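> Let me see the structure of the following:
(chains A, B, C and D)
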Protein chains: 2
Amino acid sequence: MTIEQEFFNQYRLMYRPFINLVNVQLGKYQLYSSQWALLRLLKDKGPHSFVDIANFMFIEKPSVTRLVQKLVELGYVETVAGRDKREKLVQLTANGEEIVQEIQAHLKPTMEQALAGVSERDIEIATQVIANICANINR
Amino acid sequence: MTIEQEFFNQYRLMYRPFINLVNVQLGKYQLYSSQWALLRLLKDKGPHSFVDIANFMFIEKPSVTRLVQKLVELGYVETVAGRDKREKLVQLTANGEEIVQEIQAHLKPTMEQALAGVSERDIEIATQVIANICANINR
DNA sequence: GGTATATAGTTAGTTAGGCTAACTAATTAA
DNA sequence: TTAATTAGTTAGCCTAACTAACTATATACC
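Okay, the predicted model is just below:
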């Protein structure tokens, strides 16, 4: 097997165990990892329109609608008027801001344990490799 | 954001685009990436029981049943008697062996292009990082 | 200005790819 | 010989996406 195949093999193999682990931690907040990914995006980069979110997360608009609906129900995000009457911006509520911080702290030890024994340098390299692939794929 | 969070963020972000890319390539063979993962396991490591497959792929037994059913339909794998009357082993058919080789060749350029601009050394490091996380999570 | 086209978001229905619970058949331990 | 364990299956559920087709608003073209 080539090293490319080996990489993608390992990549795929890790996905389910990882998502399951995160989902267990998020259960406490009635969240799933997809919703958590959106909360993190809003926290890191501020309010976004539905289309922007779709582009950032590499998912389709209807998927964004559902994610946002659920997070609105939970009171973690809200929508406000955008640049014209069509556009809506999604942003964190005050409660959402708090919850994101809390979850981040809650997840930290789990993430650290998952990466136990891996040097910071190697984590950074792996992150960069994946970012490069993302860029290559979504060109 | 910590480097751990950054890594997992990137990791998750790449998943769908990658799987979609692979699935498009596999469409030609009426396969999805999950089925392809199983074919590759059988190719690399020979016949396995259902329980072994579940353990190797980190999925549950019923999921294995469905994967195998589909691959049997396609004529790529077959089941044979195992060590006792309960156990069944899954193995590639002659046709399956051929198809795996063909698909591997077909996927190669796509995989190489996805990893364009990434050094072999970094790919290996990234693979090792992910393997370590897998080991940490599934302990 | 009026019509065609494009854009933002929604709704409805489908899919991949998992899961758990509960089952049967065969095996092993008490 | 009876109870517990193990291998695989069936049925039904769930997440997290997808496409197609829709409404409402905005822009471009003649």
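> Which residue lies nearest the spatial centre of chain A?
Nearest to the geometric centre of chain A sits residue A:37, at 2.0 Å (CA atoms, centre = their mean).
> pretty sure that residue is touching residue B:10, no?
No: counting by CB atoms under 8 Å, residue A:37 sits too far from residue B:10 to count as a contact (11.2 Å). Where you see a C-beta, it was placed from the backbone N, CA and C, and this is true even at glycine.
> Flag every residue of chain A that's near DNA strand C.
By CB under 7 Å from any atom of the strand, the residues of chain A that approach DNA strand C are A:16, A:20, A:49-52, A:61-62, A:64-66, A:68, A:82, A:86-89.
> Show me just the buried residues among those.
A:49, A:50, A:52, A:64, A:68, A:82, A:89 (16 or more other CB atoms under 10 Å in any protein chain shown).
> export the helix or strand the residue nearest to the centre of chain A falls within as PDB, just CAs?
Element membership for residue A:37 (DSSP states H and E) is helix A:33-45. What follows is helix A:33-45, C-alpha atoms only, in PDB (Å, rounded to 0.1, in the frame of the first residue of the first chain):
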ATOM      1  CA  SER A  33     -20.600  17.500  16.900                       C
ATOM      2  CA  SER A  34     -22.000  19.100  13.700                       C
ATOM      3  CA  GLN A  35     -23.800  21.700  15.800                       C
ATOM      4  CA  TRP A  36     -20.700  22.200  17.900                       C
ATOM      5  CA  ALA A  37     -18.700  22.800  14.700                       C
ATOM      6  CA  LEU A  38     -21.100  25.700  13.800                       C
ATOM      7  CA  LEU A  39     -21.000  27.200  17.300                       C
ATOM      8  CA  ARG A  40     -17.200  27.200  17.100                       C
ATOM      9  CA  LEU A  41     -17.200  28.900  13.700                       C
ATOM     10  CA  LEU A  42     -19.500  31.600  15.000                       C
ATOM     11  CA  LYS A  43     -17.300  32.000  18.100                       C
ATOM     12  CA  ASP A  44     -14.100  32.300  16.100                       C
ATOM     13  CA  LYS A  45     -15.200  34.300  13.200                       C
END
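> Could you point out the helix or strand that follows that helix?
Assignment by DSSP H and E places the next element after helix A:33-45 at strand A:48-49.
> What is the neighbour count of residue A:113?
15 (other CB atoms under 10 Å in any protein chain shown).
> hang on, it packs against residue B:136?
Yes: proximity of residue A:113 to residue B:136 meets the contact threshold set by CB under 8 Å, at 6.4 Å.
> Without its sequence neighbours, what residue ends up closest to residue A:28?
residue A:106 (7.3 Å; CB to CB, 6 or more residues apart in numbering or on different chains).
> Spell out the secondary structure type for the one you found.
Following DSSP: H, G, I helix; E, B strand; the rest coil, residue A:106 is assigned to helix.
> Check which residues of stretch A:63-79 are buried.
By neighbour count on 16+ other CB under 10 Å, the buried set for stretch A:63-79 is A:63, A:64, A:67, A:68, A:70, A:71, A:74, A:76, A:77, A:78, A:79.
> wait, does that stretch make contact with DNA strand D?
Yes: judged by CB under 7 Å from any atom of the strand, stretch A:63-79 comes into contact with DNA strand D through A:63, A:66, A:67.
> Tell me how far the last one lies from residue B:13.
Spelled out, it's residue A:67. 14 Å (CB to CB, to the nearest Å).
> With residue A:38 instead?
Taken as CB to CB, the span from residue A:38 to residue B:13 is 12 Å.
> out of the two, which sits in the more crowded spot?
residue A:38 (23 against 19).
> Check the gap between the spatially closest residue to the more buried one that is not a sequence neighbour and residue B:67 for me.
Leaving aside its sequence neighbours, residue A:38 sits nearest to residue A:67 (CB to CB, 6+ apart; 5.2 Å). Separation of residue A:67 from residue B:67 (CB to CB) stands at 29 Å.
> now swap in residue A:1 and tell me
Distance of residue A:1 to residue B:67, computed by CB to CB: 20 Å.
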